[in-house]
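1. Dropping the sequence and predicted coords here.
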Amino acid sequence: MSIADHDSQLGFDALLTDAESANRAHRFERETGHLPDTMAEAVPFMRILIRQHHAAMQIADVDAVMALRDEAYKLALRLNGGKPGILADDEAPGCVLECKNAAPQGDIPLWGQHGSFVVTIDSMRVRIELDGFFGIGGRYKFWPGFSARAVDFDRPFLSATGYRSFLGIHADPVPGLTPDAFTCKMIAGYVERELKGKLVAIVPR
């Protein structure tokens, strides 16, 4: 290949790269152009998504649930200029949206909100940290993940460490379940199946 041919090939490759980048940008704008591109507008928009998502979860409308979660991810991605890393740190768009729309401490969250609250299962008190839109596996699993922490460390619990996470939950969609009722059912089922109905003492660290 002559120098001229080589330069011509490099120029053609650059054109292809530019065209691919332009196509990507057009596609991204087509998919997210209807969404806010400032945090001031995105926070109240996210609240609307959460309310719609909660309503869809309450009737177990799987398609609507997943579409709304996808919309939330696209919103965070748009705020991040189309770049990954929407949950990279506390200042990342996904983290900011989640923090500004989290349920007040102790309140039962709506489905789609991050929340921290306490449930009582028989006599066992458990602090629940429920994932919001951006929890692990949230775009693929109907039920969000959550963690369970002991409140009373001097009483039997569902793990010897005083902590257990519930991620990748495999359970059929069920209408009418609130987050507190759902987490209670998951924990009670775990105790019955895995612990044969018997709680364990928390081992002091």
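-> Yep, that arrived.
2. Flag every buried residue along stretch 87-107.
-> Across stretch 87-107, burial judged by 16 or more other Cβ atoms under 10 Å covers Leu87, Ala92, Pro93, Gly94, Cys95, Val96, Leu97, Glu98, Asn101, Ala102, Ala103. For glycine as for every other residue, the C-beta is placed from the backbone atoms N, C-alpha and C.
3. who's in contact with the closest residue in space to Pro93 that isn't next to it in sequence?
-> Spatially, and ignoring its direct neighbours in sequence, Pro93 is nearest to Leu79 (3.8 Å; Cβ to Cβ, 6 or more residues apart in numbering). Counting by Cβ atoms under 8 Å, 6 or more residues apart in numbering, Leu79 makes contact with Pro36, Asp37, Thr38, Met39, Ala42, Ile86, Pro93, Leu97.
4. Narrow these to those that are buried.
-> Here, 16+ other Cβ under 10 Å leaves Pro36, Ala42, Ile86, Pro93, Leu97 buried among the contacts of Leu79.
5. Can you tell me how far the last one is from Arg24?
-> According to Cβ to Cβ, to the nearest Å, Leu97 and Arg24 sit 24 Å apart.
6. Among the buried residues of stretch 87-107, which one sits closest to Phe134?
-> Gly94 (4.7 Å; Cβ to Cβ).
7. what's that closest one in contact with, if anything?
-> Counted by Cβ under 8 Å, 6+ apart, Gly94 has contacts Tyr73, Ala76, Ile86, Leu87, Phe134.
8. Which ones among the buried ones among the contacts of Leu79 map onto helices?
-> Under the assignment DSSP state H, the buried ones among the contacts of Leu79 contribute Ala42, Pro93, Leu97 to helices.
9. Pretty sure the second one sits against Met39.
-> Yes. With contacts defined as Cβ atoms under 8 Å, Pro93 counts as touching Met39 at a distance of 7.3 Å.
10. hmm, which two among the contacts of Leu79 are most spread apart?
-> So, the contacts of Leu79 by Cβ to Cβ: farthest apart are Thr38 and Ile86, at 15.4 Å.
11. re earlier: now render the buried residues of stretch 87-107 as JSON lines, adding pLDDT and distance to Ala171.
-> JSON lines is the format used below for the buried residues of stretch 87-107 (pLDDT from 0 to 100; distance: Cβ to Cβ, whole Å):
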{"residue": "Leu87", "pLDDT": "95", "distance to Ala171": "25"}
{"residue": "Ala92", "pLDDT": "97", "distance to Ala171": "30"}
{"residue": "Pro93", "pLDDT": "96", "distance to Ala171": "30"}
{"residue": "Gly94", "pLDDT": "96", "distance to Ala171": "25"}
{"residue": "Cys95", "pLDDT": "97", "distance to Ala171": "27"}
{"residue": "Val96", "pLDDT": "97", "distance to Ala171": "31"}
{"residue": "Leu97", "pLDDT": "97", "distance to Ala171": "27"}
{"residue": "Glu98", "pLDDT": "97", "distance to Ala171": "24"}
{"residue": "Asn101", "pLDDT": "97", "distance to Ala171": "25"}
{"residue": "Ala102", "pLDDT": "97", "distance to Ala171": "24"}
{"residue": "Ala103", "pLDDT": "97", "distance to Ala171": "22"}
